[in-house]
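A.B. asks: following is a predicted model, sequence given first.
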Amino acid sequence: MHYSRSAPPAHDDGESQILAQEDRLIRLGQIYLHFTYGDPHCWALIFEHHPMDDQPTPDWHVEKVMRMFTVIDEMLQPLAPHRTESEISQVV
């Protein structure tokens, strides 16, 4: 019997990138859930911040939280090229 030593067929570059992006997105979700359940008080300080005396949330805090959502937006865009940025942002 003769066995080929060639490598199994590889995914094309685009498909490999999508699979890698999906893996990163799943890993990010796992990290987020671990953080949320591991330290709910810290999660609440970040995502449920309510300044005292009806003061607005500081701009630096809003910018940091929005930066986290931007990372997710950027990870989703290659997975849904037919969706607009607005549609992806609504999902996030």
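C.D. replies: Yep, it's here.

A.B. asks: what about the helices in this structure?
C.D. replies: 13-38, 40-47, 59-76, 85-91 (DSSP state H).

A.B. asks: out of these, flag the one nearest Asp53.
C.D. replies: helix 59-76 (15.8 Å; CB to CB). C-beta here means a position set from N, CA and C on the backbone, and glycine is covered the same way.

A.B. asks: in CSV: the helices of the chain, plus distance to Asp53.
C.D. replies: Output for the helices of the chain, formatted as CSV (distance: least, CB to CB, whole Å):
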stretch, distance to Asp53
helix 13-38, 28
helix 40-47, 17
helix 59-76, 16
helix 85-91, 31
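
A.B. asks: reformat those helices as JSON lines; add mean pLDDT and mean neighbour count.
C.D. replies: Shown next, in JSON lines, are those (pLDDT from 0 to 100; neighbours: other CB atoms under 10 Å):
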{"stretch": "helix 13-38", "mean pLDDT": "86", "mean neighbour count": "11"}
{"stretch": "helix 40-47", "mean pLDDT": "87", "mean neighbour count": "11"}
{"stretch": "helix 59-76", "mean pLDDT": "87", "mean neighbour count": "12"}
{"stretch": "helix 85-91", "mean pLDDT": "82", "mean neighbour count": "11"}
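
A.B. asks: what about Pro81, neighbour count?
C.D. replies: 7 (other CB atoms under 10 Å).

A.B. asks: ok, it to Asp54 distance?
C.D. replies: 43 Å (CB to CB, to the nearest Å).

A.B. asks: now swap in Ile46 and tell me
C.D. replies: 20 Å.

A.B. asks: which ones are touching the residue nearest to the spatial centre of the chain?
C.D. replies: In the chain, the centroid-proximal residue (CA atoms, centre = their mean) is Ile72; its distance is 3.1 Å. Applying CB atoms under 8 Å, 6 or more residues apart in numbering, we find Ile72 in contact with Leu25, Leu28, Val92.

A.B. asks: same question for Gly38.
C.D. replies: So Gly38 contacts nothing (CB under 8 Å, 6+ apart).

A.B. asks: how long is stretch 29-49 from one end to the other?
C.D. replies: 21 Å (CA to CA, to the nearest Å).

A.B. asks: what separates it from the chain centre, distance-wise?
C.D. replies: Remark: stretch 29-49 is offset 14 Å from the chain centroid, using CA atoms, centre = their mean, to the nearest Å.
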